[in-house]
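Engineer: okay, here's the prediction I keep looking at, along with the sequence it came from:
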Amino acid sequence: MSCSPAADNASASFVQSQAAITHHAAVSSRYFLLRLQCEAIARRAQPGQFVMLACAPDNGGASEPLLPRPLAILDARGAELELLYFVSGRGTQVLRRTAEGARSGSTDTRLRIIGPLGRGFTPIPDVDAHVALGGGSGVAPLVFFFRRRADGNAWHLILGARTADQIPCTEAVAVPGHLRIATDDGSAGSRGTAVDALQALLNGDLKGRRVGIYAAGPEPMMRGAAQIARTLSFPARVSLEQRMACGVGVCRACVVDGTGPHPKTGLKRRAVCQDGPVFDINELAGW
Ligand SMILES: Cc1cc2nc3c(=O)[nH]c(=O)nc-3n(C[C@H](O)[C@H](O)[C@H](O)COP(=O)(O)OP(=O)(O)OC[C@H]3O[C@@H](n4cnc5c(N)ncnc54)[C@H](O)[C@@H]3O)c2cc1C
Ligand code: FES
């Protein structure tokens with residue numbers, strides 16, 4: 001079996017496993033799609049959740065780099081889990097090399113994986129329309145969210161990138177609802193940022209409607225979306241990215257300040273890996 005739970009933590013409902021690589025391909029000049037066989041995680045996965053994935057197979061009990069990397073879930077079908085990633089440093093460079101060298105489904109290239117982790121996206125209630133902004137590492141969680149939850153014309157996903165060739169291919173990001181592209185240079189979709197496209201939508205097709213806003217990806221984009229939400233008194237949720245070591249609430253590497261006491265600990269601090277990564281902006285200090 002390609003994915004064998006080593007420890008099934010029922011209370012936290014995540015699984016620690018080994019997952020075989022079944023597919024790896026470039027889907028734009030920037031992104032790679034990685035498919036893993038891991039039924040125990042695929043069956044539990046919810047939009048906005050992530051996995052902690054080792055970048056190389058265990059070599060005598062450890063892999064190099066030692067720490068796994070957090071990656072959001074792009075999709076989960078049957079026993080398979082899909083991730084969409086780009087190379088940003090040493091870990092993701094090693095992951096790319098591992099995946100390119102892997103024979104499909106090979107037990108030699110099974111990667112340590114923990115997931116599904118965190119609190120993901122759910123639809124904002126009592127709004128007329130939903131608009132989500134994704135860029136960089138925020139594309140995957142929002143595409144998964146739309147695939148599972150979008151149910152008609154009131155759902156709008158805006159994907160932002162610098163240039164057209166960075167946008168993942170249509171198949172990788174196909175979603176129900178409306179998909180809009182914004183590029184800095186205007187080489188695909190509208191010219192400008194995803195935040196500009198949100199503003200245009202609110203001034204145009206969605207004028208006068210109460211809109212739920214979601215954002216995942218680069219912090220300036222999420223802050224721009226949050227700022228618009230605050231100005232219009234619209235509800236908004238963002239998916240935070242912090243550097244993570246454990247991914248399961250133990251090391252405290254990922255904590256941020258909340259606005260009020262945590263319902264369980266009574267403290268202001270929130271662990272992004274466990275309490276998030278998705279937060280209502282009203283839960284977060286400084287947003
Ligand atoms: C919940 C979550 C979900 C994520 N989902 C995805 C995804 O779907 N696809 C994807 O490509 N990436 C995703 N990321 C980001 C990914 O984890 C980092 O790119 C990766 O860990 C970088 O590791 P590295 O060893 O390649 O680079 P490093 O050498 O560790 O870092 C390279 C650069 O990336 C920055 N960086 C590293 N980790 C993070 C982080 N967690 N957040 C922000 N910046 C970081 C560093 O400051 C540095 O500038 C996600 C991160 C989190 C926290
Ligand atoms: S990464 Fe360890 S507590 Fe969040």
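Structural biologist: That came through, no problem. Residues are numbered from 1 along each chain as shown. Ligands and ions are numbered 1, 2, ... in the order given.
Engineer: wait, does stretch 208-226 contact ligand 1?
Structural biologist: No: using CB under 6 Å from any ligand atom, we find that stretch 208-226 stays clear of ligand 1, coming within 8.3 Å at best. Bear in mind the C-beta positions are built from the backbone N, C-alpha and C, glycine included.
Engineer: now stretch 29-49
Structural biologist: No: using CB under 6 Å from any ligand atom, stretch 29-49 stays clear of ligand 1, coming no nearer than 7.5 Å.
Engineer: swap in stretch 275-287?
Structural biologist: Yes: under the criterion of CB under 6 Å from any ligand atom, ligand 1 is reached by stretch 275-287 at Pro277.
Engineer: for that stretch, buried residues please.
Structural biologist: Asp275, Gly276, Pro277, Val278, Phe279, Ile281, Glu283, Leu284, Trp287 (16 or more other CB atoms under 10 Å).
Engineer: what's the answer for stretch 242-258, then?
Structural biologist: By neighbour count on 16+ other CB under 10 Å, the buried set for stretch 242-258 is Met244, Ala245, Cys246, Gly247, Val248, Gly249, Cys254, Val255, Val256, Gly258.
Engineer: how near is the fifth one to ligand 1?
Structural biologist: In this structure, Val248 and ligand 1 are separated by 12 Å, where distance is defined by CB to the nearest ligand atom, to the nearest Å.
Engineer: residue contacts, that residue?
Structural biologist: For Val248, the contacting residues are Ala12, Phe14, Met52, Ile114, Leu117, Cys273, Gln274, by CB atoms under 8 Å, 6 or more residues apart in numbering.
Engineer: so how far is ligand 2 from it?
Structural biologist: Taking CB to the nearest ligand atom as the criterion, Val248 is separated from ligand 2 by 6 Å.
Engineer: how close does the one residue in the stretch 51-200 of the chain that gets nearest to ligand 1 get to Glu82?
Structural biologist: For the stretch 51-200 of the chain and ligand 1, the shortest gap (CB to the nearest ligand atom) falls at Gly89, measuring 2.1 Å. For Gly89, the distance to Glu82 (CB to CB, to the nearest Å) stands at 22 Å.
Engineer: and Glu241, by the same measure?
Structural biologist: Using CB to CB, Glu241 is found at 19 Å from Glu82.
Engineer: next: Lys207.
Structural biologist: Here Lys207 is placed at a distance of 36 Å from Glu82 (CB to CB).
Engineer: repeat that for Gly152.
Structural biologist: 24 Å.
Engineer: which of the two has more residues huddled nearby?
Structural biologist: A count of neighbours by other CB atoms under 10 Å puts Glu82 above the other of Gly152 and Glu82, at 21 against 9.
Engineer: next, give phi and psi for that one.
Structural biologist: With angles defined as degrees, to the nearest 10, Glu82 sits at phi -120, psi 140.
Engineer: buried stuff in stretch 98-111?
Structural biologist: Residues of stretch 98-111 classed as buried by neighbour count (16+ other CB under 10 Å): Thr98, Ala99, Ala102, Thr109, Arg110, Leu111.
Engineer: tell me the buried residues within the contacts of Val248.
Structural biologist: Here, 16+ other CB under 10 Å leaves Phe14, Met52, Ile114, Leu117, Cys273, Gln274 buried among these.
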